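# Mind looking at a prediction? Sequence and model below.
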Amino acid sequence: MDYRLKGGMPGMPGMPQLPPTAHLIPLVIGGGLVLFGVALFFNEWLLRWIVAGILVFVGLLLTMLGLRLKRMLG
């Protein structure tokens, strides 16, 4: 996309115009979150798996960070 920052466009000078499909991004994300919330209402085990997966992922990241720091420091 080409954003012209000066002249030729309506609106405030120096402000780029939004693309005409910019409204689709929050609509799609919001709709997805609503469907995900409804899924969590009916499947509480899904929330347990998601939280456990996030904790395992963060734990693996911290472990890898610690191993790299150990290797860097000596």
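That came through fine.
# which SSE is the residue positioned nearest the centre of the chain in?
Compute the mean C-alpha point of the chain, and by Cα atoms, centre = their mean the closest residue is residue 29, 9.5 Å away. Counting by DSSP states H and E, the element that carries residue 29 is helix 24-42.
# before we move on, the earlier item: pLDDT at the residue nearest to the centre of the chain, what is it?
pLDDT, residue 29: 94.
# which residues in this protein form helices?
Here the chain has its helices, by DSSP state H, at 24-42, 44-73.
# Quick one, which of those helices gets closest to residue 18.
Using Cβ to Cβ as the measure, helix 24-42 is the one of the helices of the chain that comes nearest residue 18, at 10.4 Å. For glycine as for every other residue, the C-beta is placed from the backbone atoms N, C-alpha and C.
# In this structure, where is pLDDT below threshold?
1-15 (pLDDT under 70).
# can you rerun that using 90?
Applying pLDDT under 90 to the chain picks out residues 1-23, 44, 74.
# burial count for residue 40?
Other residues near residue 40 number 13, with proximity taken as other Cβ atoms under 10 Å.
# What of residue 22?
Neighbours of residue 22 under the rule other Cβ under 10 Å: 9.
# same deal with residue 18?
Under the criterion other Cβ under 10 Å, the count of neighbours that residue 18 has is 10.
# Okay, it and residue 25: tell me how far apart.
Relative to residue 25, residue 18 is positioned 10 Å away (Cβ to Cβ, to the nearest Å).
# Residue 59 too?
According to Cβ to Cβ, residue 59 and residue 25 sit 32 Å apart.
# And for residue 44?
30 Å.
# ditto for residue 74
Here residue 74 is placed at a distance of 47 Å from residue 25 (Cβ to Cβ).
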